[in-house]
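Q: I would like to see how this sequence folds:
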Amino acid sequence: REELEKHISELNPIDNVKPLAAAGVKIYHIHGDADTTVPLVPNSEEFAKRYRDCGGSIEIEVIKGVGHSPGPIFYQSQRALKFLLG
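A: Okay, the predicted model is just below:
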């Protein structure tokens with residue numbers, strides 16, 4: 001565990017947004033607001049904030065009432081399809 005904690009900032013996506021933002025990678029992220037395994041605010045919202053602060057373009061779609069294992073609803077997003085085909 002100690003070894004992991006020494007390297008956590010190298011491995012945590014939230015701490016590694018600069019290279020993606022600098023490369024101009026546009027991100028579309030879907031997250032359920034009822035996710036208790038990976039809560040929305042300290043994870044996806046924080047990632048988006050840091051990404052925007054680095055000049056990156058990110059859009060988050062929040063699915064109401066959906067948890068960590070949403071099933072096919074994430075794959076039926078019309079907004080995501082529009083983003084991908086954009």
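
Q: Residues contacting the helix or strand hosting Arg50, please?
A: Element membership for Arg50, per DSSP states H and E: helix 46-53. The contact list for helix 46-53 (CB atoms under 8 Å, 6 or more residues apart in numbering) reads 13-14, 17, 20-21, 27, 29, 58, 60. Glycine gets a C-beta too; all of them are placed from N, C-alpha and C.

Q: which one in those residues is the model shakiest on?
A: Ranked by pLDDT, the contacts of helix 46-53 bottom out at Pro13, which scores 83.

Q: how about Glu61, secondary structure?
A: Following DSSP: H, G, I helix; E, B strand; the rest coil, the label given to Glu61 is strand.

Q: where along the chain do the helices fall?
A: Per DSSP state H, the chain carries helices over the ranges 2-11, 18-22, 46-53, 78-85.

Q: can you pull the contacts of the nearest residue to Val25 once chain neighbours are set aside?
A: Nearest residue to Val25 in three dimensions, chain neighbours excluded: Gly56, at 7.0 Å (CB to CB, 6 or more residues apart in numbering). Residues near Gly56 by CB under 8 Å, 6+ apart: 17, 20-21, 25-27.

Q: Return the member of these nearest to Gly86.
A: Lys26 (8.3 Å; CB to CB).

Q: so the closest one touches Ile58, yeah?
A: Yes. Using CB atoms under 8 Å, Lys26 is in contact with Ile58, at 7.4 Å.

Q: higher neighbour count, the two?
A: Ranked by neighbour count (other CB atoms under 10 Å), Lys26 and Ile58 place Ile58 first, with 19 against 11.

Q: Find the nearest non-adjacent residue to that one, please.
A: Once flanking residues are discounted, Ile58 sits nearest to Ile27: 4.2 Å by CB to CB, 6+ apart.

Q: so what's the one you found up against?
A: Contacts of Ile27 (CB under 8 Å, 6+ apart): 20, 51, 56-59.
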